[in-house]
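Peer 1: Next come a sequence and a model predicted from it.
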Amino acid sequence: MSIPYILRSYDKLLRLPFGRQIFSIYAARKAPYFRTIRPLVQKLEAGHCEIALKKRRSVQNHIGTVHVIAVANGLEMAMGFLAEATIPRHLRWIPKGMELTYPAKADTDLICEALSDPADWVPGNLPIKVIARRRDGTAVVEGVINLWISEKPKR
């Protein structure tokens, strides 16, 4: 099985000084709304992605915590990268919906994480577990992003 392009790019850039930052900037440019959170891809492998999100004024709400929409943006980015790093070549994916709960305040920098089992990537509905944690490990947002997995059309 060939290695997905996103993993090849990530592994290649990690060998460079500031490679993680370069990859994160490049990746965020592919979907401009990701730039608003200034993500840093901390970990990327099949079935797992972690995105660091700094608590900055531009992503805070009126009470000084990270706004849940900024957190959801980080979780969606983590899910998308996980999907590109995990999905078999003959399949494609599209998000169908997101269900999130907010169990605690997001009052520090965050890690936005997406998790799945690579064996689950078959046609049909696929729930991807997502969770955002504070520095102390407390979950501030958790939930599921549902994907629809289908066969790529024959060319």
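Peer 2: Everything's here; your move.

Peer 1: So which residues of the protein form strands?
Peer 2: 40-45, 48-53, 91-101, 110-115, 124-133, 139-151 (DSSP state E).

Peer 1: quick one, the first one and strand 48-53 angle?
Peer 2: Counting by axes from the mean of the first three to the mean of the last three C-alpha atoms, to 10 degrees, strand 40-45 points 180 degrees away from the direction of strand 48-53.

Peer 1: cool, and the last one?
Peer 2: Here strand 139-151 runs at 130 degrees with respect to strand 48-53, directions being taken by the same axes, to 10 degrees.

Peer 1: buried ones in strand 139-151?
Peer 2: Within strand 139-151, the residues that count as buried by 16 or more other C-beta atoms under 10 Å are 139-143, 145, 147, 149. Where C-beta positions appear, they are placed from N, C-alpha and C, glycine not excepted.

Peer 1: Extract the C-alpha trace of it and format it as CSV.
Peer 2: Taking Å, rounded to 0.1, in the frame of the first residue of the first chain, the C-alpha atoms of strand 139-151 are listed here in CSV:
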residue,chain,number,x,y,z
ALA,A,139,-11.4,17.9,28.1
VAL,A,140,-12.9,21.2,27.1
VAL,A,141,-14.7,20.1,23.9
GLU,A,142,-15.5,16.5,22.9
GLY,A,143,-17.6,14.8,20.4
VAL,A,144,-17.9,13.1,17.0
ILE,A,145,-17.6,14.3,13.5
ASN,A,146,-19.5,12.0,11.2
LEU,A,147,-18.1,11.2,7.8
TRP,A,148,-19.7,9.6,4.7
ILE,A,149,-17.2,7.2,3.1
SER,A,150,-17.8,6.0,-0.5
GLU,A,151,-16.0,4.4,-3.4
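
Peer 1: Can you pull up the most central residue in this structure?
Peer 2: With distances taken as C-alpha atoms, centre = their mean, the chain has A78 as the residue nearest its mean C-alpha position (0.5 Å).

Peer 1: check contacts around that one.
Peer 2: Applying C-beta atoms under 8 Å, 6 or more residues apart in numbering, one finds that A78 lies in contact with 49-51, 112-114, 130.

Peer 1: possible to save the residues you listed as a markdown table with distance to A31 and pLDDT?
Peer 2: Output for the contacts of A78, formatted as a markdown table (distance: C-beta to C-beta, whole Å; pLDDT from 0 to 100):
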| residue | distance to A31 | pLDDT |
| --- | --- | --- |
| C49 | 14 | 97 |
| E50 | 18 | 97 |
| I51 | 13 | 96 |
| C112 | 15 | 98 |
| E113 | 18 | 98 |
| A114 | 15 | 98 |
| V130 | 16 | 98 |
